[in-house]
Each structure stands twice: as structure tokens, then as C-alpha cells.
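In: this is a predicted model, with the sequence first.
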Amino acid sequence: MPGQSELTLEHQWYNPAMKGGIRTLPPEIVLQILSYLSIQDLLAFGTTCRPHHAYHLVSLKRLRLAVFEKRVHSIIASLQAGWSRPDQLVTFWDNGDQESSYTISVVRPQSRASKGDSGRRTSAQDKPRSQEQMVRLQNQIFTRVVRRYGPSLRYLEFMAYDLNLDGAAALGSKCQHTLRHLALQFEHPVRGSTTWHQPAPPSEAWNSLIGIGSRCKSAGLHSLETLILRRAGITPWQLMMLVKRNPRLQTLKLRTCRGARPAFLFWLGGAKNEFEEVERSDEQTAAPGAKLEVFWLEHCYRLLAHPIDQGGNPLDDEQCDAGFEWVRGLKSLQSLSFSESANMPSKLFDRANKTIWKIPDVVLPYCLYDENTSIAVDPRWK
């Protein structure tokens with residue numbers, strides 16, 4: 001294939017009357033070839049004939065989907081999430097660095113009002129959608145994509161304002177045993193409202209990912225290895241069930257997540273507490289989170305069951321992690337982050353990790369200040 005242009009190759013593949021060609025190749029070779037196409041070319045290839053349609057469905061295994069109302073929101077959110085770099089913002093459709101990885105940003109402009117008698121209004125006649133309307137629209141697009149490509153997806157990231165029943169039902173029914181990586185990101189502080197700095201409201205939609213409820217008894221995700229939730233309204237109990245139903249989970253990253261509460265944390269680490277909501281059998285010795293290698297709790301609140309009294313007598317080394325005993329049960333942990341979490345004593349965590357946890361990578365709620373540390377100052381301001 002070296003020396004041939006992409007356009008020439010596409011023309012050969014799109015010609016159903018041609019003898020031989022791509023139809024004579026083994027499926028593994030065809031999927032490898034399709035992995036180098038851009039998302040536009042892959043979709044166009046899938047419209048040429050039924051065999052090509054089946055190939056294009058199977059070849060799309062990694063997808064990042066973002067749905068916004070304004071282009072600037074899409075750009076800023078993509079930069080914050082690390083989906084793109086400034087030099088990649090010339091296009092909304094981007095073929096990722098990894099094979100068969102696609103990033104798609106969908107921008108749905110505001111609806112227009114009627115012109116009226118004067119017809120002089122331009123941008124002022126735009127009707128901003130309510131948050132509920134935008135969530136419904138975002139999930140409509142997400143549902144259509146997941147219903148078509150869900151069975152072949154291994155890696156999926158969705159960026160929107162929230163997840164509703166339709167989107168969760170499609171995700172729980174079409175990606176049950178195939179999806180390995182799932183990231184649901186609903187945090188967009190760029191919009192300026194304090195609402196985006198708090199977890200989303202609790203919702204029954206998360207039950208579809210667990211596989212409980214009247215409309216999703218046979219659904220649910222079971223093969224996740226990575227789960228990332230940002231500004232998610234999932235409750236502690238729902239989060240417990242989701243982790244429990246994915247025993248191969250190795251990476252769990254929570255940011256501004258409603259489910260990050262002592263009830264979930266103590267259950268995850270297999271520690272006894274008064275908030276226990278799920279019964280554990282006596283034969284179960286390993287904690288539910290014993291296989292976790294990465295666990296992040298960023299910008300989370302109410303992680304402590306009781307406030308830590310730092311003014312009293314100092315705790316012994318064996319008890320210096322009081323309130324966070326659950327960390328001891330995460331035996332495989334290599335990375336733990338409390339970045340931006342409020343009311344968390346960094347000195348206590350630093351001491352607990354050095355004496356008890358001994359986790360290689362721990363991100364404290366905020367950096368410890370050392371009086372002997374030099375501070376770099378611009379020479380012009382000396």
C-alpha cells in the first residue's frame with residue numbers, strides 16, 4: 001500500500017462492483033486497515049454496502065463523544081479533559097493517536113425564536129435551552145451512538161451535562177460484556193454557575209448500569225477495568241453495586257462524585273463502620289477494592305465520617321490513619337489521590353502513608369509547605 005493515496009484506496013474499497021479487493025482479505029486485515037481511516041471516512045465506508053456496514057460497526061472500538069450547545073464549551077472541556085491539545089482545535093473530528101480511537105464533538109446551537117413582525121433580531125432572538133432540555137438532547141445523541149456501536153466498543157468516554165434514563169439504559173444493555181474503559185464526565189465549571197462545582201442530583205438512571213429495576217433486569221456492565229466519574233450523581237449504594245459487579249476493576253477515579261462517602265469507602269476497603277449498607281459474608285476475607293491499583297478521590301466532600309481533631313493528643317503511628325482505615329484494605333494500590341478534597345489534613349495523610357499505607361504515589365489534598373523551601377521570584381520584582 002505504500003505510495004498509494006488514501007483517496008485511491010477509499011475509491012477501491014467503496015466500489016461494490018470491483019472483483020476481489022477488500023472482500024478477499026481476512027477480517028483481521030480489513031479491521032487493521034480500517035483503523036487508519038478518519039471518522040468521516042469510516043462512516044462513509046460503512047454506507048457503501050451491507051458487508052462494509054458490518055465492518056465499520058466492528059472496527060469502532062474506542063470512542064470519545066462530547067455534546068455541547070456552544071463550540072467554546074466543547075473546546076474548553078476537551079482541553080480540560082486532555083482530549084485534545086491547542087494545536088488540534090482546528091477540527092471537531094479528530095482521529096486519536098491510538099489505533100481505532102476517535103474523538104467526536106457535537107455542537108447543537110440554540111433554538112431560534114420566530115422573527116416576529118420586524119425580523120430585525122439576529123443573535124438576540126436565540127432561545128437558550130434549559131439544562132433539562134440540553135440533558136435530554138445530549139442523551140438522545142448518546143443513545144443513538146451507543147445502540148449502534150455499543151456491542152463493539154471497548155473504550156468509551158462521554159462528556160455532557162448528566163446521564164438520564166435513556167442514555168443509561170442504552171449503555172447498560174449494549175455494552176454489558178465488552179466495555180473495558182468507561183468515563184462519564186459531567187463537570188463543566190467554565191459555565192460559571194456554582195451548580196457545576198457540586199455533584200449532579202441522584203437518579204435512578206444509574207440502576208441501568210447496575211442491572212436492577214423493571215426496565216433493566218437483564219442489563220448492566222460487568223467487564224469494566226477502568227471507571228472514571230466526574231460530577232456524577234450516583235449514590236454510595238449504587239456505586240457499591242457497580243464496583244461489585246465489575247470484579248476486574250483496577251482503576252477508579254472519582255471527582256465531585258456523590259457516591260464518595262464513608263459508607264462506600266469503608267465498604268471498598270472492607271473495614272467495619274456504622275454506615276455499612278451491604279452485608280458481607282464471613283468467608284469474604286479480601287476487601288472489594290483489594291484489586292484496585294489506582295483510586296482517586298478528587299474535589300470530593302464528606303469523605304470523613306467524623307471530623308478529625310488535630311488539636312488534641314497526637315495519635316500513635318498505628319492509629320494515625322483514623323477515619324481512613326479503609327485504605328489498608330486496598331492491598332494492590334499504587335496511586336491514591338485526594339487532590340482538591342476539602343477538610344483533609346495533608347500532614348496526617350503524609351504520615352499515614354509513610355508509616356502504614358506505603359503507597360508509591362499519593363497526591364495530598366494540598367501541597368505541604370516547608371519553611372526551608374526556596375521560593376522562586378521573578379528578578380524583575382526583587
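Out: Received, thanks. Residues are numbered from 1 along each chain as shown.
In: all strands of the stretch 151-300 of the chain, in order?
Out: Secondary structure of the stretch 151-300 of the chain, counting by DSSP state E, counting those that start in this stretch: strands at 155-159, 181-185, 226-230, 251-255, 294-298.
In: name the single longest helix found in this structure.
Out: helix 131-149 (DSSP state H).
In: low-confidence ranges in the stretch 151-300 of the chain?
Out: Residue ranges of the stretch 151-300 of the chain with pLDDT under 70: 189-193, 214-216, 273-284.
In: all helices of it, in order?
Out: Using DSSP state H, counting those that start in this stretch, the helices of the stretch 151-300 of the chain run over residues 165-174, 207-210, 236-244, 262-268.
In: would you list those in JSON lines and tack on distance to Leu330 and mean neighbour count?
Out: (Glycine included, C-beta is placed from N, CA and C.) Output for these, formatted as JSON lines (distance: least, Cβ to Cβ, whole Å; neighbours: other Cβ atoms under 10 Å):
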{"stretch": "helix 165-174", "distance to Leu330": "27", "mean neighbour count": "22"}
{"stretch": "helix 207-210", "distance to Leu330": "22", "mean neighbour count": "26"}
{"stretch": "helix 236-244", "distance to Leu330": "12", "mean neighbour count": "21"}
{"stretch": "helix 262-268", "distance to Leu330": "7", "mean neighbour count": "24"}
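In: can you lay out those as TSV showing distance to Tyr102?
Out: Putting those into TSV (distance: least, Cβ to Cβ, whole Å) gives the following:
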stretch	distance to Tyr102
helix 165-174	17
helix 207-210	23
helix 236-244	26
helix 262-268	33
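In: for Ser335, which of the strands of the stretch 151-300 of the chain is the nearest?
Out: strand 294-298 (4.5 Å; Cβ to Cβ).
In: pLDDT averaged over the very next helix or strand once past that closest one - what is it?
Out: Counting by DSSP states H and E, the next helix or strand C-terminal to strand 294-298 is strand 335-337. Averaged across strand 335-337, the pLDDT comes to 97.
In: partners of strand 335-337, with directions?
Out: Strands adjacent to strand 335-337 in the sheet, as given by DSSP bridges, are strand 294-298 (parallel), strand 361-363 (parallel).
In: buried stuff in the last one?
Out: Burial within strand 361-363, assessed by neighbour count using 16 or more other Cβ atoms under 10 Å, is assigned to Val362, Val363.
In: quick revisit: which one of the helices of the stretch 151-300 of the chain lies nearest to Asp350?
Out: helix 262-268 (19.0 Å).
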